[in-house]
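In: Please find the sequence and the predicted model below.
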Amino acid sequence: MSNAKIISIHSFRGGTGKSNSTANIAVNVARQGKRVAIVDTDIYSPGIHVLFGFDETNIDKTLNNYLWGQCRISDAAYDVSNILPEERKNLIYLVPASIKTGDIAQILREGYDFNVLCDGFYDLIDALELDYLFIDTHPGLNEETLLAASISDILIIVLRPDKQDFQGTAVTVEVARRLEVPKMMLLINKALSNTDQAQLKKDIEKIYQVPLVGILPQSEEMMQLQSSGVFSLQVPNHPLSKVYENIAQMIIKS
Ligand SMILES: Nc1ncnc2c1ncn2[C@@H]1O[C@H](COP(=O)(O)OP(=O)(O)OP(=O)(O)O)[C@@H](O)[C@H]1O
Ligand SMILES: [Mg+2]
């Protein structure tokens, strides 16, 4: 039996920073010498592959092919360790979802079997001898997200300091409690520079009774990157990178 941990990154609303957070946290965990994979389960609007320099011209097999029974999930796992400065191999893998119009249309039309997706997670953990499997999700409460949450060891919920996000997060936390997710973490993204961080942490933890593991400031440098890379590798000494590093440490210790 593997000791791998499954970590899902979710948010109730879109555009909160899930994909960037997933990539940055996963990379920081890998840099500690852990074997890591990321699966893009945002199959209706995939995107995390962009941060790792993939586009439709250099993706062959995807999660879609696996879900359609055309390959093993590990055949759709790409070693992206070359982005690490350490010159290591086989430390971090990405399973992208297809960005081809026809493939997305097929998934929308036909759906897919959630049990197959779930089996894929465990198969990937075994095949790649993973320590951590990160799941980037589609926003909102949908079936694949509930499935991902229900099998996760840790659910990280990303939210912006915004009333709509606050309300949606309350719903997500409640659902995750019903699913008996063993550990939840809240992550605030796009915080304003004048935020009283200590007060915000106190307020958030009181409202949700879930630990707030980081407050990421809204950052012009992050916007300038435009998802063309993994921020903490590009701008290592930035406050944002420190927060990602810290969360990676917390995950490894938990
Ligand atoms: N701290 C930040 N400061 C400024 N811009 C940010 C920050 N975090 C993320 N962004 C930007 O916000 C946008 C959305 O980020 P990202 O794709 O990670 O969100 P997401 O939650 O995965 O979105 P979706 O719900 O569409 O999957 C991107 O353009 C990204 O560059
Ligand atoms: Mg995303």
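Out: Sure, I can see it. These numbers come from a predicted model, not from an experiment. Ligands and ions are numbered 1, 2, ... in the order given.

In: can you map out the helices along the protein?
Out: 18-30, 48-51, 63-67, 101-110, 114-127, 143-150, 163-178, 197-208, 220-225, 231-234, 239-253 (DSSP state H).

In: And the fifth one, what does it pack against?
Out: Using 3 or more CB pairs under 8 Å, 6 or more residues apart in numbering; DSSP states H and E, the elements in contact with helix 114-127 are strand 36-40, helix 63-67, strand 132-136, helix 143-150. Heads up, the C-betas are built off the backbone N, CA and C, glycines and all.

In: Are the third one and ligand 1 in contact anywhere?
Out: No - residues of strand 132-136 are not located near ligand 1 by CB under 6 Å from any ligand atom, the shortest gap being 6.8 Å.

In: CA atoms only for that strand, dumped as CSV, please.
Out: Provided in CSV are the C-alpha atoms of strand 132-136 (Å, rounded to 0.1, in the frame of the first residue of the first chain):
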residue,chain,number,x,y,z
TYR,A,132,2.2,13.4,-3.8
LEU,A,133,-0.5,13.6,-6.3
PHE,A,134,-1.9,17.1,-6.9
ILE,A,135,-5.3,17.6,-8.5
ASP,A,136,-6.1,20.9,-10.2
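
In: got the contact list for it?
Out: 4-9, 18-19, 22, 25-26, 29, 34-42, 48, 121, 124-125, 148, 152, 251 (CB atoms under 8 Å, 6 or more residues apart in numbering).

In: Of those residues, select the buried ones using a ChimeraX command.
Out: Here is the ChimeraX command that selects the buried residues among those (16 or more other CB atoms under 10 Å):
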select :4,5,6,7,8,9,18,19,22,25,26,29,34,35,36,37,38,39,40,41,42,48,121,124,125,148,152,251
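
In: overlap between the contacts of strand 132-136 and the residues near ligand 2?
Out: Among these, the residues that sit close to ligand 2 (CB under 5 Å from the ion) are 18, 19.

In: Out of the helices of the chain, which one sits most buried?
Out: Comparing these by mean neighbour count (mean count of other CB atoms under 10 Å), helix 18-30 comes out on top with a mean of 26.

In: Return the distance of it from the chain's centre.
Out: Relative to its chain's centre, helix 18-30 lies at 7 Å (CA atoms, centre = their mean, to the nearest Å).

In: That one near ligand 1 anywhere?
Out: Yes - under the criterion of CB under 6 Å from any ligand atom, ligand 1 is reached by helix 18-30 at 18, 19, 20.

In: what angle do the helix or strand of the chain with the lowest mean pLDDT and helix 114-127 make?
Out: Every helix and strand in the chain was compared by mean pLDDT, DSSP states H and E; the lowest is helix 143-150, with a mean of 88. Using axes from the mean of the first three to the mean of the last three CA atoms, to 10 degrees, the direction of helix 143-150 lies 40 degrees away from that of helix 114-127.

In: Near ligand 1, which residues of the chain are found?
Out: Counting by CB under 6 Å from any ligand atom, the residues of the chain near ligand 1 are 11, 14-20, 42, 45, 47, 139, 189-190, 216, 218-219, 222-223, 227, 240.
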